[in-house]
Each structure stands twice: as C-alpha cells, then as structure tokens.
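I'd like to go over a predicted model; first the sequence, then the structure.
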Amino acid sequence: MTLTKQAVADKIAAYLQHRLTQAQLVDWAENAMMDGEFDETDTAIISAVVARLGVADVRAFGLTWTECEELLAKLGFSAKIEIVSA
C-alpha cells in the first residue's frame, strides 16, 4: 500500500485524539519506513515526517503538540481543537 500525506495526517490525528498511543504511532512509523512505499509525488515530505514520528519514543525527541502542528503543516494540513463537555 502506498503511503500518502493524507494517511500520515490521519495517523497524527489519531494520536492527538488518543485513538493511538505514542508507542503505536512509533511502531506504525517504524514499519512504514521499513516498507518504504511512499507516494512518488511527495516522497521527501512523507519520509521526513514518518522518520520524525519513528523517533518519538526517544526521550530526546518526544512529540509535542507544537511539533505535531508543524508536521501536519508540512503535509499540507492544520489541526483544530474542539472543546466539548465531558
């Protein structure tokens, strides 16, 4: 399966929405890097973002909200926050 910017953005969104843990996101990114099937028109951007996600479990790198916003922007997306009652 070819990995697109949309698919990567969806994974980041799932992480931000707590549908994926950080460990699951990192595992997905590491597997995606090994498979290496990126959309040809966006290979450089996609591989850079996925590589960054793949090291999010290393203390020195982590993954902040701001970094997620920056990664989404590189992919051509932005994040919106919606506050709802619990």
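That came through fine. Residues are numbered from 1 along each chain as shown.

could you pull out the helices for the protein?
Using DSSP state H, the helices found in the chain span residues 5-16, 22-35, 43-54, 65-75.

just so I know, which of the ones you listed lies nearest residue 85?
Among the helices of the chain, the nearest to residue 85 by C-beta to C-beta is helix 5-16 (19.5 Å). Any C-beta I mention is one placed from the backbone N, CA and C, and that applies to glycine too.

how much space between the residue nearest in space to the middle of the chain and residue 74?
The residue lying closest to the centre of the chain (C-alpha atoms, centre = their mean) is residue 12, at 3.9 Å. As defined by C-beta to C-beta, to the nearest Å, residue 12 lies at a distance of 11 Å from residue 74.

isn't the residue nearest to the centre of the chain right up against residue 73?
No: using C-beta atoms under 8 Å as the test, residue 12 is too far from residue 73 to be in contact (10.9 Å).

sorry, back to before: need the helices of the chain in JSON lines with mean pLDDT and distance to residue 81, can you?
Formatted as JSON lines, those follow (pLDDT from 0 to 100; distance: least, C-beta to C-beta, whole Å):
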{"stretch": "helix 5-16", "mean pLDDT": "96", "distance to residue 81": "9"}
{"stretch": "helix 22-35", "mean pLDDT": "94", "distance to residue 81": "19"}
{"stretch": "helix 43-54", "mean pLDDT": "95", "distance to residue 81": "20"}
{"stretch": "helix 65-75", "mean pLDDT": "95", "distance to residue 81": "9"}
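
turn those into CSV, columns for distance to residue 84.
Shown next, in CSV, are the helices of the chain (distance: least, C-beta to C-beta, whole Å):
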stretch, distance to residue 84
helix 5-16, 15
helix 22-35, 23
helix 43-54, 27
helix 65-75, 18
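
wait, which of the ones you listed is closest to residue 86?
Across those, closest to residue 86 is helix 5-16 (C-beta to C-beta), at 17.7 Å.
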